[in-house]
Structures are given as structure tokens and as C-alpha cells.
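J.: sequence and predicted structure below; questions after.
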Amino acid sequence: MIKAGIIGATGYAGGELVRLLLNHKEVEMKWYGSRSYIDKKYYEVYQNMFKLVDDKCMDDNMEALADEVDVIFTATPQGLCASLVNEEILSKVKIVDLSADFRLKDVKVYEEWYKIQHKSPEFIEEAVYGLSELNREDVKKARLVANPGCYTTCSILTCYPLIKEGLIQPETLIIDAKSGTSGAGRGAKIDNLYCEVNENIKAYGVTTHRHTPEIEEQLGYAAGRAFCLNFTPHLVPMNRGILVTAYASLAQDADEDAIRAAYEKYYGSEYFIRVLDKDVCPQTKWVEGSNFVDVNFKIDKRTNRVIMMGAIDNLVKGAAGQAVQNMNLMFGFEETEGLKLVPMFP
Ligand SMILES: NC(=O)C1=CN([C@@H]2O[C@H](COP(=O)(O)OP(=O)(O)OC[C@H]3O[C@@H](n4cnc5c(N)ncnc54)[C@H](OP(=O)(O)O)[C@@H]3O)[C@@H](O)[C@H]2O)C=CC1
Ligand SMILES: CC(=O)N[C@@H](CCC(=O)OP(=O)(O)O)C(=O)O
């Protein structure tokens with residue numbers, strides 16, 4: 001058994017990590033990190049943990065935590081992990097950072113989109129982008145994994161095979177994404193009040209959302225060249241779930257058979273990615289509570305464009321589930337351990 005600690009255990013992503021790790025046969029949960037709830041019982045923060053977790057919340061001291069556990073998850077706001085990590089800590093523990101601190105390889109891009117100064121750029125190069133399906137071998141060897149964002153996970157996985165196989169023109173790519181409100185975290189914000197979200201749908205971060213450079217960077221590697229795309233997120237009145245609808249012009253010679261073959265080539269043997277049957281459009285409910293991503297596509301012959309679709313649970317594959325999948329790879333466990341969750345429906 002390995003010992004695990006979470007900094008930011010009281011947030012939505014941290015709470016989901018606790019739920020998954022309590023069911024993981026190789027992990028013992030040791031540290032429920034928080035700033036606001038130190039010395040309160042964890043179940044007082046999340047009553048669904050009553051009789052399941054008796055521990056108290058601890059502070060967010062990464063130095064002390066590194067002496068107690070084998071793996072640290074940082075499920076904290078942007079900038080925090082980068083401000084705490086150092087070589088001594090990384091020589092003792094492995095870290096899976098759920099924030100964006102180590103996702104972008106160019107620190108200038110990070111500072112421009114996140115509007116904060118990066119506190120430990122020396123670890124950016126070493127950090128492995130933790131999209132397990134694309135970077136499995138590197139994740140296995142990593143000390144520091146940058147867990148991808150929720151929109152980015154769904155967007156990249158939905159489009160990757162077509163870009164990698166040259167079946168679409170990358171510069172024409174437009175990604176429209178919709179998320180449930182848990183994507184915004186547990187903190188009180190006016191934008192997330194019931195009256196603002198219920199019976200409503202709105203775009204936000206148009207042309208400025210910070211997941212844009214992350215998607216561009218990863219899909220740029222697949223394309224073999226840098227390119228720009230349009231990414232527009234929307235907030236919808238659901239608790240969980242992300243639906244991506246992406247549009248791109250077909251490359252010459254790309255047809256339905258070639259596209260289906262590309263999805264099968266990259267995802268046919270993946271446990272967590274399901275390429276749905278022809279004409280079946282992904283729905284967030286079909287993956288809710290699970291670590292699955294469902295993808296599919298349709299060609300519009302009138303416009304010679306392909307519409308790619310993907311659905312994930314933002315808190316599972318989009319955050320905590322993917323973090324556990326990465327941890328499994330880093331410690332040589334079965335990749336699916338603790339994650340063979342059947343989706344909840346309805
Ligand atoms: N929600 C989602 O769907 C996804 C979230 N993420 C990322 O995961 C991370 C956590 O997100 P989420 O759970 O949604 O956010 P929440 O706002 O729900 O939780 C934030 C957590 O961080 C802790 N925290 C806040 N400020 C500090 C600080 N200065 N020092 C130490 N701890 C602090 C909070 O603890 P306390 O209040 O007890 O002090 C809380 O546990 C973020 O980086 C987010 O971008 C990634 C993918 C998806
Ligand atoms: C609905 C909603 O607000 N979603 C969040 C994305 C959550 C996420 O994945 O964020 P990080 O990249 O910061 O880890 C947002 O748009 O900011």
C-alpha cells in the first residue's frame with residue numbers, strides 16, 4: 001500500500017479524489033489538506049463521508065506532508081503547487097498537480113493567460129502532461145505530473161486522432177464546450193448562484209479562456225506544427241459533465257471510413273475511451289460518475305466539415321479520475337485500479 005495526501009481535499013476535485021481513493025486497494029488516505037477547515041473533521045465538510053472518514057483536516061504544509069506520504073495530489077487554485085514544490089520534496093514524493101501550473105511548457109504563455117508569475121519554472125520541463133492515453137510511458141517515469149484541465153481533456157481526446165492522422169485542417173478547428181457548474185469549484189461566486197445558473201445557459205471566457213493555449217499546445221504536437229483555434233466554453237445548469245462539439249474542415253481524401261479507422265486506431269484498445277456506434281451522439285449522462293470519455297463524429301457533406309463530439313465527467317476523467325489513473329501508472333499499479341466505475345443513469 002502507498003500513502004496518499006491531498007492538498008485542497010475540501011474542494012470539489014479534492015472531494016472526488018477522496019471518494020475514489022477510499023475505494024483504491026493500493027492506497028491509504030493519510031492527509032486531508034485544507035486552509036479553511038484545519039482541525040475540523042473531514043466529514044463535517046462533506047457529510048457524505050460520515051462514518052467513512054474520521055480524520056481531521058490538516059494544513060497545507062507540503063514539506064511536512066512529503067515526510068508522511070508517497071504521493072501528494074494538489075487540488076488547489078492555480079499558482080499554489082508551483083509556490084510550494086522544491087527539489088527536496090520531489091526527491092521524497094511523487095506529485096500529481098490538478099491545477100494548471102505545469103501544463104504549459106512555455107512559462108510566458110502561462111503567465112500571459114493566467115496573469116500570475118510562475119514560482120518554480122525550473123520544474124516545467126520535467127513535468128509530464130498527464131493525459132494518460134497519449135503520454136502513458138512518460139507518466140510511468142514521472143515525479144511530477146500536470147493533470148490536464150477538464151475542458152482540455154475532453155477537447156483533446158475528441159479531436160486528437162483526426163489531427164494526428166491529418167484528416168482535418170487544424171487551422172479550421174472550432175471547439176464549443178459546455179460544462180456543469182462543479183467545474184467552477186465549491187467556492188461561493190455570484191456567477192454560480194442558483195438563480196444565475198438555473199434555467200440559463202451562457203458563454204464565458206470567449207476568446208480568452210485559459211484552456212485555449214493548453215488545447216492548442218497539445219493538439220499542436222499532434223499536428224506537428226503550432227496552430228490557433230477557437231475555443232468557447234459555456235456554463236449549463238447541470239452539476240457535472242462536459243460536452244464538446246468541435247467543427248473542422250476535412251482534409252482532402254478524408255472520409256467516414258478513414259475517420260472511424262483513426263478513432264479505432266488510437267482508442268480501440270483504450271479502456272476509458274469509448275468510440276460510440278455510428279450515429280450515436282455522446283451525452284454527459286452516459287459517463288456521469290465514471291472515468292469514461294465517449295467520442296463520436298459525423299460528416300456534413302454539404303460543407304465538407306466533420307463534427308466531432310465528446311462527453312466526460314469533469315470531476316472524474318476531467319480531474320480526480322484522471323489523477324488516479326496517472327498515480328496508478330506512476331506507481332506501477334493496474335491502470336484501471338479504483339476506476340472501473342459504472343456510469344450512473346439517470
Ligand atoms: N472542478 C473541476 O471540475 C476541475 C478542477 N480542476 C482544478 O483543480 C483545482 C481545484 O479545483 P476545485 O476543486 O474545482 O476548486 P475548489 O474551489 O472547489 O477547491 C479549492 C481547494 O483548494 C483549497 N485552497 C484554496 N485556496 C488555497 C490556498 N491559498 N492554499 C491552500 N489551499 C487552498 C481549498 O481549501 P480550503 O477552502 O479548505 O482552504 C479547496 O480545498 C483547481 O486548480 C482547478 O482548476 C481541474 C479539472 C476540473
Ligand atoms: C465551469 C467552469 O467554470 N469551469 C472551469 C474549468 C475548470 C478546470 O478544469 O480548470 P483548471 O484548468 O483551472 O484546472 C473554468 O472555466 O474556469
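T.: Here it is on my side, so go on. This structure is a prediction, so every number in the text was calculated from the model and none was measured. Ligands and ions are numbered 1, 2, ... in the order given.

J.: contacts, neighbours, all on C-alpha from now
T.: Noted.

J.: so how far is stretch 143-160 from its chain's centroid?
T.: The gap between the average C-alpha position of stretch 143-160 and the chain average comes to 5 Å, counting by Cα atoms, centre = their mean, to the nearest Å.

J.: apologies, that question was intended for stretch 219-235.
T.: If you compare the mean C-alpha spot of stretch 219-235 with that of the full chain, they lie 16 Å apart, counting by Cα atoms, centre = their mean.

J.: end-to-end on stretch 174-190?
T.: Start and end residues of stretch 174-190 are separated by 29 Å (Cα to Cα, to the nearest Å).

J.: name the residues of the helix or strand hosting residue 216 that are buried.
T.: Per DSSP states H and E: residue 216 is located in helix 211-223. Applying a neighbour-count criterion of 16 or more other Cα atoms under 10 Å, the buried positions in helix 211-223 are 211, 212, 213, 214, 215, 216, 217, 218, 219, 220, 222, 223.

J.: show me what it is packed against.
T.: When contacts are defined as 3 or more Cα pairs under 8 Å, 6 or more residues apart in numbering; DSSP states H and E, helix 211-223 sits against helix 150-164.

J.: what lies in contact with the helix it packs on?
T.: The contact list for helix 150-164, computed with Cα atoms under 8 Å, 6 or more residues apart in numbering, reads 131, 168-170, 175, 177, 179, 183, 211, 214-215, 218-219, 222-223, 242-244, 246, 259, 262-263, 266, 293, 295-296, 308-312, 314-315, 317-319.

J.: does ligand 2 sit close to that helix?
T.: Yes - under the criterion of Cα under 6 Å from any ligand atom, ligand 2 is reached by helix 150-164 at 150, 151.

J.: please report phi then psi for the residue nearest to residue 308 when sequence neighbours are not counted.
T.: Distances taken as Cα to Cα, 6 or more residues apart in numbering put residue 297 closest to residue 308, at 4.3 Å, once the chain neighbours are dropped. Geometry field for residue 297 lists phi and psi as phi -150, psi 170, criterion degrees, to the nearest 10.

J.: so how far is residue 166 from residue 297?
T.: Counting by Cα to Cα, the gap from residue 297 to residue 166 is 16 Å.

J.: looking at the two, which one has more neighbours?
T.: The residue with more neighbours, out of residue 297 and residue 166 and counting by other Cα atoms under 10 Å, is residue 297; that gives 27 against 19.

J.: for the more buried one, list the residues it contacts.
T.: Applying Cα under 8 Å, 6+ apart, the residues near residue 297 are 279, 281, 306, 307, 308, 309.

J.: let's verify the third one: helix, strand, or coil?
T.: The reference is to residue 306. Three-state assignment for residue 306 (DSSP: H, G, I helix; E, B strand; the rest coil): strand.

J.: how about the residue nearest to it when sequence neighbours are not counted, secondary structure?
T.: The shortest distance from residue 306 to any non-neighbouring residue, by Cα to Cα, 6+ apart, is to residue 299 (4.4 Å). At residue 299, secondary structure determined by three-state DSSP is strand.

J.: pLDDT of the helix holding residue 216, averaged?
T.: Mean pLDDT, computed over helix 211-223, is 98.

J.: residue 314 and ligand 2, how far apart?
T.: Computed with Cα to the nearest ligand atom, to the nearest Å, the distance linking residue 314 and ligand 2 is 7 Å.

J.: wait, residue 43 sits on residue 32?
T.: No - with contacts counted by Cα atoms under 8 Å, residue 43 stays clear of residue 32, the gap being 10.6 Å.

J.: compare the two (neighbour count), which wins?
T.: residue 32 (26 against 18).

J.: residues contacting the helix holding residue 216, please?
T.: The contact list for helix 211-223 (Cα under 8 Å, 6+ apart) reads 103-104, 109, 149, 151-152, 155-156, 160, 163-164, 166, 170, 226-231.

J.: what about that helix and ligand 1, touching?
T.: No - using Cα under 6 Å from any ligand atom as the criterion, no contacts between helix 211-223 and ligand 1 are found, and the smallest distance is 10.1 Å.

J.: alright, I will stop here.
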